[in-house]
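**Student:** Curious how this folds, go ahead:
(chains A, B, C and D, ligands or ions: 4)
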Amino acid sequence: MLQIYCPYCQELREETEFSYSGEAHIARPLEPQQLTDAQWADYLFFRTNPRGIHHEMWYHASGCRRYFNATRNTQTYEIYETYPLGQQPALTCDIGGKR
Amino acid sequence: MSQPNRLSVGGRIDRSKPIEFSFNKRSYEGYAGDTLASALLANGVNLVGRSFKYSRPRGIMGHGAEEANALMQLGQGAVTVPNPKATQVELYSGMVATSTNGWPSVEFDLMAWLGKLGGPFMPPGFYYKTFMFPQAWWLRYEKFIRKAAGFGHISQQPDPDIYDKLNHYCDVMVIGAGPAGISAALEAGRNGKRVILADEQCELGGSLLASQQNINGASASDWLGTAVTELASMANVVLLSRTTVFGYYDHNFLAALEQRTDHLGPTAVKGTRQRLHRIRAKAVVLATGAIERPLVFGNNDLPGVMLAQSVSAYINRYAVVPGERALIMTSNDSGYQAALDIQSAGRTVVAVVDCRYHAEGRLAQMARAAGIEVITGHGVIEACGSHSVTGAVIAPLDQAGDQITGAQRSVSCDLIAMAGGWSPVVHLSCHTGSRPVWDEQLIGFVPGPNVQQQYCAGAVVGHYTLAHALSGGAAVGAEAAGAKVPEIHFDCGDETEAQAQALFLIPHSKSVSRAPKQFVDFQNDVTAAGIELAIREGYESIEHIKRYTAMGFGTDQGKTANVNGVAIAAKALHQSIQATGTTIFRPAYTPVTFGALAGRDVGSLFDPARYTATHQWHVAQGAKFENVGQWKRPWYFPKAGETMQQTLNRECLAVRNSVGIMDASTLGKIDIQGTDAREFLNRIYTNDWSNLKPGKCRYGLMLKEDGMVFDDGVTTCLSENHFLMTTTTGGAAEVLAWLELWQQTEWPELEVYFTSVTDHWVTYSLVGPNSRKVLEQLCNDVDLSAEAFKFMDYKAGTVAGIPARICRISFTGELSFEVNVPANQGHFVWQQIIAAGEAYDITPYGTESMHILRAEKGYIIVGQDTDGSLTPQDCGMDWIVSKTKAFSFIGQRSLHRSDTARSDRKQLVGLKPKDPAAIIPEGSQIVMDPNQQIPMDMVGHVTSSYWSVCLDHGIAMGTVKAGFSRMGETVYCPLVDGRTLAAEICSPVFYDPNGERHHD
Amino acid sequence: MERYSGFSLFKHAFSHHENWQKAWHSPAPKPSYDVVIVGGGGHGLATAYYLAKQHGITRVAVLEKGYLGGGNTGRNTTIVRSNYLWDEAARLYDHSLSLWQGLSQELNYNVMFSQRGVLNVGHNLQDMRDIERRVNANRLNGIDAEVLDTKAVKELVPIINDSPNIRYPVHGASWQASGGVARHDAVAWGYARAANSLGVDLIQQCEVTGIRRQAGAVVGVETNLGFIAAAKVACVVAGSSGVMAAHADIRLPLESYPLQALVSEPIKPVLDTVVMSNAVHAYVSQSDKGDLVIGAGIDTYNGYGQRGSFQIIEHTVSAICELFPVFSRVRMNRSWGGVVDISPDACPIISKTMIKGLYFNCGWGTGGFKATPGSGHVFAHTIAKDQAHPIAAPFNLDRFNTGHLIDEHGAAAVAH
Amino acid sequence: MIKCHSETIRTPLCDAVLAITSDTNAGIYMRENTFGHLNLRGNPTDKAFLSSIETVLALNLPLIPCSSVRSDVFSVYWLGPSDWLLMVPIGTESQVAADLRDSLMGQHSAVVDISSAQALVNLSGVKLPELLQKAIVYDCDPTHLPVGKVVQTTFAKTGVTLCRCEDGSIDLIICRSFSDYFTLWLRDASAEYGLAVVDACLSRPKVSAQT
Ligand SMILES: Cc1cc2nc3c(=O)[nH]c(=O)nc-3n(C[C@H](O)[C@H](O)[C@H](O)COP(=O)(O)OP(=O)(O)OC[C@H]3O[C@@H](n4cnc5c(N)ncnc54)[C@H](O)[C@@H]3O)c2cc1C
Ligand SMILES: NC(=O)c1ccc[n+]([C@@H]2O[C@H](COP(=O)([O-])OP(=O)(O)OC[C@H]3O[C@@H](n4cnc5c(N)ncnc54)[C@H](O)[C@@H]3O)[C@@H](O)[C@H]2O)c1
Ligand SMILES: Cc1cc2nc3c(=O)[nH]c(=O)nc-3n(C[C@H](O)[C@H](O)[C@H](O)COP(=O)(O)O)c2cc1C
Ligand SMILES: [Zn+2]
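**Tutor:** Residues are numbered from 1 along each chain as shown, chains lettered A, B, ... in the order given. Ligands and ions are numbered 1, 2, ... in the order given. Reported below is the predicted structural model:
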């Protein structure tokens, strides 16, 4: 049962207010037509799926209806930070290390 | 006296309130304050059940959550509860309890003969080795095995009780209200923090409730009284007794079950039977105490073999002495407490058998001083008796407790109190993912590293003296509250204790495999021999041992078994206990009623039902409803005496020939505004929105990025930068989140805002050749003529005087107007339309007729005709996929993948049954060769199928491999009933193929 | 391998069970093997068994980071059925079902495969359409399946709430009589014992931490016990597949999620079949010990914690109480979680990779226990021949590039 | 069943299955308060946007997360970083919306009338704290949800917007189509305290008990 800090509402809220929307920082290719099938599939389906530090998107569905990013440990479920879209995480694998 | 084992003074029971109850059909009397277990013991009843596998007689061994044997069937009829532990059931008047196993009775159990005879053939895992032949017989064997399954039974009647839940937030959550917990709660509370103190027992106090010690000169019970009064007086402290914290989850979330009426009995005034507390705490203090370990020796499961601490608790708290002549077997100082308590209760202490060579602790000295015989360096190697203890065999042991070193002798006794050391209640800390750590000094597992904001105090971290529990509790209470640790001194006179000895299996003169059964897990009949056998067979991981023997699998989750089991395994494997490790403790700490986990979310509250503003009208008309997502939609409106098909025929004909009306309010509606709204639509939909003029509507198709159809609907251009999108009923929320996702994550530079207006507008489809005439009566500010108000036009105006948005769109192929008004006025407008339509026999119709009418036109229903595996091309809708848009709309790229671009994919086509009277069942599979042997090559399936009264034949839509190039070919649907229906592949547009009707 | 039978049990009883042989041995790893299988779950062990049995490849090691069967094999709700919608999936799962049927005898280990029948309950019109569609497809694929109406469901499961007025009324169900449950641990142990007796090394507490490659081909694995050479490495690590892929510097179309299950206290038998409801998200059967074994839904977030959020349990139990009001007073004994590897089309990946000698068998998600024998069987073929078994062929990795997915969840066919 | 006194209007709770009571010992009191509801979108970092709003409403938009502002006429709730709920006297919503649109002409903004989409329910009574604990996962303790704070969260299985009123009572805004679920839930959860429904009809301006 996670408790997630919404960077827009600026407080901790219960997991049930949010919905999860997958790995963060996956930019949609600007010119999809230029990609091979394999490159396109990579964008569509292939994920890092790490054990440890994970940057992911959440949607404050029953709150402010904003998407935002979180850095979470998929092993301990600890959330290190949440941050608005467009920003880079303060904590990355290199800093936080893999668990 | 009727309660032979009851003391005349002492205890926390109320002798002025006698309570009648029955156990196994015999009546007994106990007192208010008793548990069922204490009352049974007071009455000299100690055979309470039969063991699971071997049907051995079993008695009460503990006094709380650790109890492994005394599972009850409590109450009768609808309120009966299977499997509560007698030690945790508070006695109430009229209680009816029975044993859960034992046939025909616990005293004389036929299964026991089976257990005795079959026992040798039922080692752990025996069923993996047999019952295999002949192959087909397993189900028969299993039928027999299942006869022996389960403990208690459930009632076939619905549960009359109600359950609820409360959400809490607190700064400090203290679990366990023994001295450590109370002390912690006091400190946190005094610091003004929001505190919750929960304890599973009916009274706060934990071990203090049975303590004879003094605290700072006051008796334990007086100290407790004062402390509880202080806690109760603090507004910032919530006290929850009868509340078990059963799960400790991530981010300091805890789940606790409060028993609110169980102790009152089923006839009591009804309130919430049990309440689930859902607690989010900033800090958690675990003060859950420790459980005494049994000792593992031969026949240690006989009724009359009990935990020493439990014996003390029965004496001091319940004024019950569960035996006349007691033998105490101990590996540490605490067994002496039981000896002292038994003696002061006026019963005989045969001896204290201490495995240690030196027993010079404070309590041991007190026992000796009281004249109790202490036999050091010995062990009880076997209990004797058939249905209860009649004696014991003791023998001298070596220093390590591994070997018998001399002659054994028998003593007579009817109670064996065993004190095998303490196992801290580390369960909750394990729930968070932390693993307990073996402490050689304490001889027990203590909580591992903290994963969350968690503190521990008292026996759970091995602080076994009362003074230490109190001072430790105060310290962590203050710390958890972020305050300075106070300087409080507790004087309890119990500071000295002698080192305990690690003793997990008392040797027998015979080898473990041949000795009388030495039980480790009483509930699941797991013996030391069983554990050794598992290891011998290669099941070496402690988790394999658990799974192979079922150790710790019971309803007590191995509270008394696991540590002994682990230690026995470690020894057999020649490795340390730490290396062997524990199995994993998981929620629930003690079992939790399903009803409480469900709370109010059952029955009509299981899932919200959503209603339109016109629902009451539909109900009054006798509509049948269909669940679509959470919505209740009118399905059809039967008239008296009609079959469903007759209703549908009538509704469809009314629409085609005169006028019908449908409540389409459940369609999702999203208001879209901004200078980039158009561009946004271009990216989200497959078709082009660049030149849609204000006042115009357009149908759009949305794909997921994988190219598959995801949602559809009509979007109206209200003004240059303002659109109203409609979505499917079930897709509304998902589509809104989808739009937000793309705008917020990928295209924040696009200026566009989305607002859900699904609930604001009702939508009424007024459909049929007479629809214009009906609407004209109610609308005088819009020119509804065919010339002025064209197909796919939108106009604002009023209907029945209410501001309305009117669209000329059609999902049926008929002339139709979609009237949108604010929902507050919806019901009124609906009534006005019905009144205005009377002259034309206006006919309300539901989703089923709507489905027929649209199928006649070949329009798809996303989710029925599509299933997430069809592209627009597969649906025959390539016309809606723009080839010229600059931006690669969502899903576009996927359409060009090699497989997706194939021209022989399954394609959505019309199907006309060869037999005009036939309706091919929806879901039928389609084959080309009806005579092929199974497995047949299926080329598709029927997605929609109806009787078309307008065309006077059945119609269907379905997917067919390469269907577009097979027009006119015959396909076959082999049905369950053996028939095969033939159909011709055709255009899905069955009715008015040129669209003349809705254009005029 | 010593044969198990009623007679052997009888015989051993007289020596107080002191002389039973090890079901399998726990050797130290050899420096090299022909095939290293990473992951000692049911699928990995079955793969090893069939490699040895069917293809004569016995220089095989199964490396397991924990204990055999301790992954999802040891934490699933044990539902076995083969009534999948799409031909490719139906073929795969039915192949498995046919292997289940003689498995206890083949392994000489009673896996208690109990064909007590599986019901998938439908609660609305679309559910019923999907059920009709699936049952028809199953029948024509030669899989036993039936559509039952409410009355027939009630006859099979008298305690089900068949009132038409509840929030999710039971409209009917699909029924696969040959479906059922099996004893999950026994499946792992049975395969382990049989594989070991054919010469396969089972190495526990051995975690693979790297995949060594040379010139685009696998040469072995790094482990906590040192390097082990092998020309073929087959990864069968379920929820850990993403981590394993990262060791080979590739990514997979998978995400790992917690999936929870729970058991009640044992009660006297009241439920003879397996009942599943996709719409309300609850699956229940009653074990031979008497406990209700209940499967919950997945958590929405990626996670490797083998535990999940409490509200999932609450929701599942309320759904169970809704379907079976008589369970309201039963008590939950234990809940736990597993880590499931979810693929985009809810179908497994049984595939070679772009790295020569590296194979993956994963993506079984919430429903791969039932596939254990079949999966091992076709994967062994794929490894041995370096070419997909015909039944496994559609489940290659390339389908994500071409778009040739086998969309099992698209058709609302339930997993588990 | 609540009667509706206007011919044309039925507010969301009109159809809900509650009877109006005049119980004075109830633990929970509930009433439906009716307002016009406007959803307002715009860029809070844009001065022009803020001043256009101020011109019409004569108050400043709340920019602090989860806050609200109130005047004699209007209340404005913060819903998100570019998202507000404006409550206006019933019947004036069209006019206010039009005024706002005029004032915001040419700016990236949106004003959407959602008056029919939602119901505003006021809950009060001595048992209110416990009732909120039953229904809501948010910490509604006055220290955490003080007067004027606005929170969007869940009420049982539906969404809700909460605001603590001056008098300590709570305003809850729920979705129209969930109002039946809401009232069923409320009735069930407050049965043990007694629930009094203090009028729930739009067209009656004054509170009066009737049966
Ligand atoms: C709660 C739950 C309920 C389910 N219910 C059902 C059901 O009813 N029916 C059904 O058919 N399926 C069900 N499933 C799915 C099923 O359990 C799995 O699909 C199946 O068991 C997978 O088997 P496996 O052998 O592939 O994986 P696993 O059994 O998980 O085995 C993988 C093994 O790999 C090991 N491993 C991982 N990384 C490494 C490494 N680096 N080095 C060495 N070893 C490693 C792991 O320790 C593990 O033992 C359920 C799953 C869960 C979690
Ligand atoms: N002499 C010894 O060796 C020895 C050993 C152990 C304990 N003790 C005595 O025990 C006391 C230790 O005090 P303490 O406060 O640590 O323990 P305690 O046993 O007094 O209190 C623990 C309380 O926690 C409750 N509890 C446990 N798990 C719970 C849960 N999940 N939810 C709700 N309640 C739960 C128990 O019912 C109990 O009331 C001291 O008085 C000490 O003298 C002595
Ligand atoms: C089908 C099945 C039935 C189970 N029955 C029980 C049971 O009766 N009692 C019990 O304590 N655990 C039972 N378990 C759960 C296991 O104890 C354990 O929680 C699970 O295998 C996951 O392992 P872990 O908790 O060690 O991580 C069962 C597990 C499965 C898969
Ligand atoms: Zn937010």
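**Student:** Let me know the helix or strand that the residue positioned nearest the centre of chain B is in.
**Tutor:** For chain B, residue B:597 is the residue whose C-alpha lies nearest the centre (Cα atoms, centre = their mean; 6.2 Å). Here residue B:597 sits within helix B:594-598, counting by DSSP states H and E.
**Student:** Can you name every helix or strand that the helix or strand following that helix contacts?
**Tutor:** Using DSSP H and E, the helix or strand that follows helix B:594-598 in sequence is helix B:615-620. On a contact count with 3 or more Cβ pairs under 8 Å, 6 or more residues apart in numbering or on different chains; DSSP states H and E, helix B:615-620 meets helix B:826-837. Glycine gets a C-beta too; all of them are placed from N, C-alpha and C.
**Student:** For the helix it packs on, could you pull out the residues that count as buried?
**Tutor:** By neighbour count on 16 or more other Cβ atoms under 10 Å in any protein chain shown, the buried set for helix B:826-837 is B:826-830, B:832-834, B:836-837.
**Student:** ok, and of these, which contact chain D?
**Tutor:** Restricting the buried residues of helix B:826-837 to those touching chain D (Cβ under 8 Å from any Cβ of the partner chain) yields B:826-828.
**Student:** would you list those in a markdown table and tack on pLDDT and distance to residue B:435?
**Tutor:** Formatted as a markdown table, those follow (pLDDT from 0 to 100; distance: Cβ to Cβ, whole Å):
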| residue | pLDDT | distance to residue B:435 |
| --- | --- | --- |
| B:826 | 96 | 60 |
| B:827 | 95 | 62 |
| B:828 | 96 | 66 |
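**Student:** Just put these in JSON lines and tack on distance to residue C:307.
**Tutor:** As requested, those are arranged in JSON lines below (distance: Cβ to Cβ, whole Å):
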{"residue": "B:826", "distance to residue C:307": "47"}
{"residue": "B:827", "distance to residue C:307": "49"}
{"residue": "B:828", "distance to residue C:307": "53"}
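**Student:** got a list of what the residue of chain D found nearest ligand 1 touches?
**Tutor:** Taking Cβ to the nearest ligand atom, ligand 1 has its nearest neighbour within chain D at residue D:157, 23.9 Å off. Counting by Cβ atoms under 8 Å, 6 or more residues apart in numbering or on different chains, residue D:157 makes contact with B:601, B:605, B:607-608, D:181.
**Student:** Give the rounded mean pLDDT of stretch D:69-82.
**Tutor:** Mean pLDDT, stretch D:69-82: 97.
**Student:** so what's the residue of chain D at minimum distance from ligand 2 up against?
**Tutor:** Relative to ligand 2, the nearest point of chain D is residue D:133 (19.7 Å; Cβ to the nearest ligand atom). Residues in contact with residue D:133 (Cβ under 8 Å, 6+ apart) are B:166-168, D:140.
**Student:** Which parts of chain D are helices?
**Tutor:** Using DSSP state H, the helices of chain D run over D:47-57, D:93-103, D:128-135, D:179-190.
**Student:** Could you tell me the model confidence score at the one residue in the stretch 151-300 of chain C that gets nearest to ligand 2?
**Tutor:** The nearest approach of the stretch 151-300 of chain C to ligand 2 comes at residue C:265, 17.2 Å away (Cβ to the nearest ligand atom). The per-residue pLDDT reported for residue C:265 equals 98.
**Student:** Could you report the neighbour count for residue 65?
**Tutor:** As the question left the chain open, I've gone with chain A. The local packing of residue A:65 (other Cβ atoms under 10 Å in any protein chain shown) involves 20 other residues.
**Student:** My question was about chain C, not that one.
**Tutor:** Applying other Cβ under 10 Å, I find that residue C:65 has 20 neighbouring residues.
**Student:** Now do the same contact list for it.
**Tutor:** By Cβ under 8 Å, 6+ apart, residue C:65 lies in contact with C:205-208.
**Student:** sec struct for it, please.
**Tutor:** When classified by DSSP: H, G, I helix; E, B strand; the rest coil, residue C:65 comes out as coil.
**Student:** For residue B:349, list each beta-bridge partner.
**Tutor:** residue B:326 (DSSP bridges).
**Student:** Spit out the contact partners of it.
**Tutor:** By Cβ under 8 Å, 6+ apart, the residues touching residue B:349 are B:326-328, B:339, B:342-343, B:372-373.
**Student:** Let's see the ChimeraX selection covering just the buried ones among these.
**Tutor:** Restricted to buried positions by 16+ other Cβ under 10 Å, the ChimeraX selection for those reads:
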select /B:326,327,328,339,342,343,372
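**Student:** Same list (the contacts of residue B:349) but as a markdown table, adding secondary structure.
**Tutor:** Formatted as a markdown table, the contacts of residue B:349 follow (three-state DSSP):
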| residue | secondary structure |
| --- | --- |
| B:326 | strand |
| B:327 | strand |
| B:328 | strand |
| B:339 | helix |
| B:342 | helix |
| B:343 | helix |
| B:372 | coil |
| B:373 | coil |
